[in-house]
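no sequence on this one, just coordinates:
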DNA sequence: GTTATATTGTAACATATGTTACACTTTTCT
DNA sequence: AGAAAAGTGTAACATATGTTACAATATAAC
């Protein structure tokens, strides 16, 4: 496939090509086969358990990873914006399957690099191998955090950890929740009324003050305490 | 450190050195620095969140990975026997931390290879790079399975999946549970009395027949149904 | 074989979450 | 601006699990 300036620019911003200059990116890409694909919003890029033989690089738009739990309810694993590599940790091995459904949130474009081409790239440039290994460890850390989150027993714990995380990220005790309650409930794997109830209880106990998607943390030490009891 | 015949034999049985003959293993190991360490039973090899800069290869004995949930209860993630590599997916990246406590079940020995030595090995032999990438994808699949298991809402679902898995593994509907109820409860992240109660209920409903660690699956279709409702 | 320890079975009660329903408020669309 | 759709708040009731306790049984140690 024909290499466009635009594609190379986009790929170069991707962590996989970090520390490589444009000439090197060009050279690497000329030596391999890859495809480009476009998607409309709410389209499935891959289905959970499909064979995973290619590296998928999201070069524009955004996607979300979702897992169906066994009662059929969707659990959103994460939203990912471009530029990003998808499912990088899953490509190798004899039992390589996509771990989640990947669905576009908006119009999106991906570059698909077959496994063998990827291996050839590693042989030709050790920086890209290092970048790839870095990204895999990042994903492993993410999966572990997800596991740790899922070990929370109560909705209260989940909210506590989430609010603390958001306050660090937003640099304030006044937080704007980035999702509707319904979406947040999906993320937490709980029901929306139960989530609302727990927020309400925490407000009654003076831990937070809440008004729809605006939350103020009043007793931060109590939130931290909830994480360690 | 001095290379012993025994060490090389042991390492060679490890998946990381698969398809390499002994001469190649010798050559690779001669070019890097590594350490050997011994542990008694119930010793901590590493603690969760410690920096993870080395590849640890278990060459004898067995270990378990454990995660503390936020009520202080231990969740056992898995038992691992030798020969195995530990935490291979976590070594790279800027935020590389061990994801779990690693504790010996019995007398054990490990080989520790620093990250830089590992990278040198990858440059010198592409088969070992391929083996390493295979093992990382295997670990990612494992972590995803763990996440999927943790999305089970009820003890009943967890038992159903576990029994089906065991019956496949043991090739029979008459199963011997490999753990005590207490250990199994730790693995499932639930309390022992609740686990026992659910087993008892499933027996009362005629789904299984149980006598301590001996379980017979009576209505397998009902078990499968529990996984899909 | 006997004793000590660990494991299992079970019950009563407490707690957290799910389910269903509906009213109210906010946002989106025309 | 008005209507429709989406999001939020809350209540009553049902369900699953946790907690605590203790008796019975099995296993390990001497």
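Received, thanks. On a predicted model such as this, the values are computed, not experimentally measured, just so you know. Numbers count the residues shown, from 1 in each chain, chains lettered A, B, ... in the order given.

For chain A, which residues score under the pLDDT cut-off?
Scanning chain A with the threshold set as pLDDT under 70 gives A:1-2, A:69-74, A:228-229.

what's the domain layout of chain A?
As assigned by automatic domain parsing, chain A contains the domains A:5-146, A:155-228.

and among the ones you listed, the most buried is which?
The highest mean neighbour count among the domains of chain A, using mean count of other C-beta atoms under 10 Å in any protein chain shown, belongs to domain A:5-146: a mean of 17. All C-beta spots, glycine's among them, are computed from the backbone N, C-alpha and C.

What's the first helix or strand after the longest helix that chain A contains?
Criterion DSSP state H: the longest helix present in chain A is helix A:126-150. Using DSSP states H and E, the helix or strand that follows helix A:126-150 in sequence is helix A:155-170.

tell me which strands and helices that following helix is in contact with?
Taking 3 or more C-beta pairs under 8 Å, 6 or more residues apart in numbering or on different chains; DSSP states H and E as contact, the helices and strands that helix A:155-170 lies on are strand A:174-176, helix A:181-188, helix A:192-204, strand A:214-217, helix A:220-228.

Near DNA strand C, which residues of chain A? Just list them.
A:71, A:153-156, A:189-191, A:193-195, A:197-198, A:212 (C-beta under 7 Å from any atom of the strand).

sorry, back to before: indicate which one of the domains of chain A is closest to DNA strand D.
domain A:155-228 (3.2 Å; C-beta to the nearest atom of the strand).

what about that closest one, near DNA strand D?
Yes: counting by C-beta under 7 Å from any atom of the strand, DNA strand D has neighbours in domain A:155-228: A:180-182, A:192-193, A:196-197, A:199-200, A:210-213.

can I get those in TSV with distance to residue A:118?
Rendered in TSV, the data for the residues of domain A:155-228 next to DNA strand D read as follows (distance: C-beta to C-beta, whole Å):
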residue	distance to residue A:118
A:180	38
A:181	41
A:182	38
A:192	41
A:193	46
A:196	45
A:197	48
A:199	45
A:200	50
A:210	47
A:211	49
A:212	45
A:213	41
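
Taking those residues together, which two end up most distant?
The largest separation in those, counting by C-beta to C-beta, is between A:193 and A:211 at 18.3 Å.

coming back round to it: okay, the angle between the longest helix of chain A and helix A:155-170?
On the basis of axes from the mean of the first three to the mean of the last three C-alpha atoms, to 10 degrees, helix A:126-150 is oriented at 140 degrees to helix A:155-170.

how about helix A:126-150, does it reach chain B?
Yes: contact of helix A:126-150 with chain B (C-beta under 8 Å from any C-beta of the partner chain) involves A:126, A:129-130, A:133-141, A:143-144, A:146-148, A:150.

from the chain's centre, how far out does that helix sit?
Between the centre of helix A:126-150 and the centre of its chain there are 11 Å (C-alpha atoms, centre = their mean, to the nearest Å).

of all the residues of chain A next to DNA strand C, which comes closest to residue A:90?
Checking those one by one against residue A:90 (C-beta to C-beta), the nearest turns out to be residue A:189, at 21.8 Å.

Next one: that closest one from residue A:150, what distance?
Here the criterion is C-beta to C-beta, to the nearest Å. By it, residue A:189 lies 7 Å from residue A:150.
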